[in-house]
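Colleague: My questions are about this predicted structure, shown below with the sequence.
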Amino acid sequence: MFKNSFIQLILVQIRDFYREPAALFWSLLFPVLMAWGLGIAFSKKPEQTKTIALVLNEHQNTNSFERYITKSTFIKKTDSISGTSFFYIDYGNEKLGITHYIIKPVNNQQAELMIKRGNAALFLSINDSTLEYHFDRYNSDAQLSYLQLSSLFKGEVQLSQQSEVMPMIEKGTRYVDFLIPGLIAMNVMMSVMWGISYTLIENRTKKLLRRMVATPMPKWEYIASHIVARIILCFIEAIIIFSFSYYYFNITIEGSILAFIILFLSGIIAFSGIAVLIASRTAKTQVGNGLINLIVMPMMLLSGIYFSYHNFPDKVIPLIQALPLTMLADGVRAIFNESAGIIQIWKYILILNALGLITFTIGLKTFKWY
């Protein structure tokens, strides 16, 4: 008797699950679609394009660099707009994948800015007939670029006495200076999306929202309380991450602290609005889990948190830059590493706040309390 009742209880739970089409989609089909999409993206080895900065002083020109390159390995081109020359070098083959290197002559300030923004992993310079590679030795992408480029340049065995690695240790040019601001931005997204959206969906599932709406409390006040609480928690989490990074990696905020606070609040507002919109009609935690992952997973991979999004094809970069996490991460990096202020990041602040207010308004008007 016990065994039969236990089996029936199990069958009841299974029937309750598969009778919900939305739950079936997000629990079974959506993970398969994610595996398929990410598998295609990362299992294939498409052609990649990487930009390398070449620093030349006032007494040097592109001819000074050409002698380090085998003539058959590069193509020299001229930018039709600026009129400046650059080098186009291919590495690899169809089996290993092909990497297209674009080596652009820039000044030293431009080269460092490219490193800080993730536009380039390393830069080259020529000093007393010595070809110097400048990069963070802890950046795996820069290490790979160095190994590939050095193998392409003429006679690496002979060139060993004419080339030198110059590790970059200046603040803002290290990989950790790129990583920490991205992690702070990502933490805002994850904390807000799961802390607000999933909590509201779970409360609806447990019938707690119905009890809340029966009180004389204004409806907006209940939702706003979640957002204010999340603002406080996000600031505490950011302080902990920054304090650890300051004492362990010597990371500092080079730009305006006020600009960082405003941008940080703008990021919370943007993701809070999205979170409320997702939770406005969702009645199942399985569906909510899928919707939240649908929002956060692509941005975690595309928005340049762990590696630069400039490694993606040029056609998709404008779309990536339009993502809220990308704007937040780029803005935080600009403040941390480029001494940016409100003037430099006002567009990010405006767009994030507008996104948050629009999605919050729609979510509040369509919010289902029962």
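Modeller: Here it is on my side, so go on.
Colleague: contacts and neighbour counts: CA atoms only from here.
Modeller: OK.
Colleague: How about the contacts made by Ala270?
Modeller: Contacts for Ala270 (CA atoms under 8 Å, 6 or more residues apart in numbering) come out as 324, 352-357.
Colleague: So which of those wins on neighbours?
Modeller: Among the contacts of Ala270, Leu352 has the most neighbours (other CA atoms under 10 Å), with 26 neighbours.
Colleague: Can you tell me the element the closest residue to that residue other than its chain neighbours falls in?
Modeller: Leaving aside its sequence neighbours, Leu352 sits nearest to Ala270 (CA to CA, 6 or more residues apart in numbering; 5.1 Å). Using DSSP states H and E, Ala270 maps to helix 257-279.
Colleague: same question, Asp90
Modeller: strand 85-93.
Colleague: circling back to that earlier point, now the helix holding Ala270, how far from the chain's geometric center?
Modeller: 16 Å (CA atoms, centre = their mean, to the nearest Å).
Colleague: re earlier: partner strands of the strand holding Asp90, parallel or antiparallel?
Modeller: Using DSSP bridges, strand 85-93 pairs in its sheet with strand 74-78 (antiparallel), strand 97-106 (antiparallel).
Colleague: got the contact list for the shortest one?
Modeller: Looking back up the chat, that one is strand 74-78. So strand 74-78 is contacted by 84-90 (CA under 8 Å, 6+ apart).
Colleague: Kindly format the C-alpha coordinates of that strand as CSV.
Modeller: Below are the C-alpha coordinates for strand 74-78, written out as CSV (Å, rounded to 0.1, in the frame of the first residue of the first chain):
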residue,chain,number,x,y,z
PHE,A,74,51.9,40.4,-45.2
ILE,A,75,49.9,42.8,-47.3
LYS,A,76,50.4,46.6,-46.9
LYS,A,77,47.2,48.6,-47.3
THR,A,78,46.1,52.2,-47.1
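Colleague: Begin at 51, not 1, for the rest of this chat.
Modeller: OK, 51 is where the count begins now, so the last one is strand 124-128.
Colleague: Just send the contacts of strand 124-128 back as JSON lines, with pLDDT and distance to Met267 too.
Modeller: Compiled in JSON lines, the contacts of strand 124-128 are given as follows (pLDDT from 0 to 100; distance: CA to CA, whole Å):
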{"residue": "Thr134", "pLDDT": "70", "distance to Met267": "65"}
{"residue": "Ser135", "pLDDT": "75", "distance to Met267": "67"}
{"residue": "Phe136", "pLDDT": "80", "distance to Met267": "65"}
{"residue": "Phe137", "pLDDT": "83", "distance to Met267": "66"}
{"residue": "Tyr138", "pLDDT": "85", "distance to Met267": "65"}
{"residue": "Ile139", "pLDDT": "84", "distance to Met267": "66"}
{"residue": "Asp140", "pLDDT": "84", "distance to Met267": "65"}
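Colleague: Dump those residues to a markdown table, plus distance to Ile251.
Modeller: Shown next, in a markdown table, are the contacts of strand 124-128 (distance: CA to CA, whole Å):
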| residue | distance to Ile251 |
| --- | --- |
| Thr134 | 56 |
| Ser135 | 57 |
| Phe136 | 54 |
| Phe137 | 54 |
| Tyr138 | 52 |
| Ile139 | 53 |
| Asp140 | 51 |
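Colleague: could you dump the residues you listed to CSV with neighbour count and distance to Gln63?
Modeller: CSV is the format used below for those (neighbours: other CA atoms under 10 Å; distance: CA to CA, whole Å):
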residue, neighbour count, distance to Gln63
Thr134, 13, 68
Ser135, 15, 67
Phe136, 19, 64
Phe137, 19, 64
Tyr138, 16, 61
Ile139, 20, 60
Asp140, 19, 57
